[in-house]
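Novice: Structure of the sequence below:
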Amino acid sequence: MEEEKRGMGGRGPLTRREKVLRGVMVAVAGIAAVALIALVALLNWVREPELPDQPVRPTRPQESTEPGGSPPPQVSSDRKERFWTFLIIGRDTYGGGNTDTILLAAYDVENQTFHAMNIPRDTMVNVSWDIKRINSVYNAYGGGQKGMDALKEEISQLVGFTPDFTVTVEWEAVGEIVDAIGGVWFDVPRRMYYNDLSQNFVIDLEKGYQLLDGDKAMQLLRYRHDSDEAGNILNSGYVDGDLGRIRVQQDFLRAAIEQCLEKIDPGTLMALGRVFLENVQVDGLDLGNLVWFGQQALMGNSSGKKLEMENVTFATMPCTGKYVLSRTSGYQSYVLPVVDELVAYVNENLNPYLDDLRSDELDIMYVNSDGTLGATGGTLADTRYNDWILQRNAAASATPTPTATPSPEETEESEVTPPPEESSPLPEESPQPQEEGGAAEQQGERDVSILPAMPVPVQP
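Specialist: Take a look at the predicted model:
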């Protein structure tokens, strides 16, 4: 039978089936085009971050001590490939906004390693004000970008390089992150009870392995010492003070990361993304950069290698404890970096440069036997402190030994309380920063510089 000619070009109207098939083909082509456009946009959006403009690596050339010798070679600022450094800050709104958690981290994408070093909040740094703890720097400069830049500068003096990016996390966000991943199983190391009536905040955790939700996780991370129901402090908490608190925080973060990687799914990613966008401030990275880091860690780098938990480590800055006399607040507890151990750790795990860092590139504080302070960088920012200590020492040496034992009342009024024994746990609280001649001094706060001098104990 001769085929019926239909319409223009020899074809008639399309049948119902042909119309359906053509509609399907048009839809498929449209979806493919949209998918291709989305893929191109995604590839352009999810991208490797660019390194920020950073100061050139500082150099302090040393003259050769040998006659006719040449000075040591200059260090290079050349970087390792795909090696990124981060300053991760935890700000506690209950603690006045101080940066009580400071982590310096490095992610080596090529070798798929992630290392983080906790810098204790009581670390002494070379600043001009009286209480020289590193956790005071951010607030002392008014917070915000100015405070963060000042903190990054102090970090660079401790480790020899400026972190590439900063991540600021409000402590409250940690609890929300824990809830987003369904809680974290963790072995709480001790019974914890603390009742802060002034802030309506209670820590109440039993010892042992348990599932912590966001609220209980925050209690664990904030715990420093125990109290009774009325809020009276009963003990110093961890035997090793704030270092014990840091160790528990590191163990918890390691457990949280491991359990998060085990049960990651699209729903969890969406929940984590929401918490991240609402509570985390990132300087120098956009969302596409963050997705790129996640892609490299979870899906693998250009060689297909993924980030495994065995290559994720946490450590605490090598340090030693010291008590140092303050002009306004008596003896204060600090930790001082152990320079050789710190340089070795940084070079092995955190150094972004091809050449090793040297100890002469750092500016580390130290305490002399007469109580004066020094800085390995050569210049002490607090120009008043050492003169004040030397005047006290001179006055103590010139004071004749009393022939009669002073009464208890006289002793209480005239002596500065000596520091505790070095074996005792360091005090937990970090006073707020005070500028020279600041509010505390202007309001007549007890100033030990006007008290009768006494010898400054020599620390071993």
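Novice: ok, the nearest residue to residue 211 once chain neighbours are set aside to residue 260 distance?
Specialist: Leaving aside its sequence neighbours, residue 211 sits nearest to residue 183 (C-beta to C-beta, 6 or more residues apart in numbering; 4.7 Å). Backbone N, C-alpha and C define where each C-beta goes, glycine included. Distance of residue 183 to residue 260, given as C-beta to C-beta, to the nearest Å: 11 Å.
Novice: Also residue 48?
Specialist: The gap separating residue 48 from residue 260 is 23 Å, by C-beta to C-beta.
Novice: Check residue 337 too.
Specialist: Computed as C-beta to C-beta, the residue 337 to residue 260 distance reads 31 Å.
Novice: Show me the contact partners of the helix or strand containing residue 271.
Specialist: Secondary structure assignment for residue 271, by DSSP states H and E: helix 266-279. For helix 266-279, the external contacting residues (C-beta atoms under 8 Å, 6 or more residues apart in numbering) are 169-170, 172-173, 176-177, 180-182, 260, 287, 290.
Novice: Buried only: go through those residues for me.
Specialist: Using 16 or more other C-beta atoms under 10 Å as the burial test, the contacts of helix 266-279 include 169-170, 173, 176-177, 180-181, 260, 290 as buried.
Novice: Just flag the most distant two among these.
Specialist: Spatially, the most separated pair among the buried ones among the contacts of helix 266-279 is 170 and 260, at 19.0 Å (C-beta to C-beta).
Novice: Determine which residue lies closest to the centroid of this protein.
Specialist: With distances taken as C-alpha atoms, centre = their mean, residue 102 lies nearest the centre of the chain, 1.8 Å away.
Novice: quick one: secondary structure of it?
Specialist: Judged by DSSP: H, G, I helix; E, B strand; the rest coil, the three-state class of residue 102 is strand.
Novice: how close does residue 86 get to residue 108?
Specialist: From residue 86 across to residue 108, the span is 12 Å (C-beta to C-beta).
Novice: if we can go back for a sec, and which of the buried ones among the contacts of helix 266-279 is nearest residue 230?
Specialist: Taking C-beta to C-beta as the measure, residue 230 lies nearest residue 170 of the buried ones among the contacts of helix 266-279, at 29.5 Å.
Novice: So that closest one is in contact with residue 99, correct?
Specialist: No. The criterion here is C-beta atoms under 8 Å, and residue 170 misses it with residue 99 at 11.3 Å.
Novice: for the chain, which spans come out with low pLDDT?
Specialist: Along the chain, segments meeting pLDDT under 70 span 1-12, 14, 18-45, 54-74, 92-98, 266, 400-460.
Novice: Helices along that one, start to end?
Specialist: Under the criterion DSSP state H, helices of the chain are mapped to 16-45, 137-140, 144-159, 171-180, 214-222, 242-262, 266-279, 287-299, 339-349, 385-398, 408-414, 439-442.
Novice: Pick the most deeply packed of those helices.
Specialist: Mean neighbour count (mean count of other C-beta atoms under 10 Å) peaks for helix 137-140 among those, with a mean of 22.
Novice: For that one, name the packing helices and strands.
Specialist: Applying 3 or more C-beta pairs under 8 Å, 6 or more residues apart in numbering; DSSP states H and E, we find helix 137-140 packed against strand 99-108, helix 144-159.
Novice: For residue 380, which of these is the nearest?
Specialist: Comparing the helices and strands packed on helix 137-140 by their distance to residue 380 (C-beta to C-beta), the top pick is helix 144-159, with 12.7 Å.
Novice: how about the closest one as PDB, C-alpha atoms only?
Specialist: C-alpha atoms of helix 144-159 as PDB (Å, rounded to 0.1, in the frame of the first residue of the first chain):
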ATOM      1  CA  GLY A 144      37.000  42.300  65.100                       C
ATOM      2  CA  GLN A 145      39.500  42.300  62.200                       C
ATOM      3  CA  LYS A 146      42.000  44.500  64.200                       C
ATOM      4  CA  GLY A 147      42.000  42.000  67.000                       C
ATOM      5  CA  MET A 148      42.400  39.000  64.700                       C
ATOM      6  CA  ASP A 149      45.300  40.700  62.800                       C
ATOM      7  CA  ALA A 150      47.000  41.300  66.200                       C
ATOM      8  CA  LEU A 151      46.500  37.700  67.300                       C
ATOM      9  CA  LYS A 152      47.900  36.400  64.000                       C
ATOM     10  CA  GLU A 153      50.900  38.600  64.400                       C
ATOM     11  CA  GLU A 154      51.600  37.200  67.900                       C
ATOM     12  CA  ILE A 155      51.100  33.600  66.600                       C
ATOM     13  CA  SER A 156      53.700  34.400  63.800                       C
ATOM     14  CA  GLN A 157      56.200  35.400  66.500                       C
ATOM     15  CA  LEU A 158      55.700  32.100  68.200                       C
ATOM     16  CA  VAL A 159      55.900  29.800  65.200                       C
END
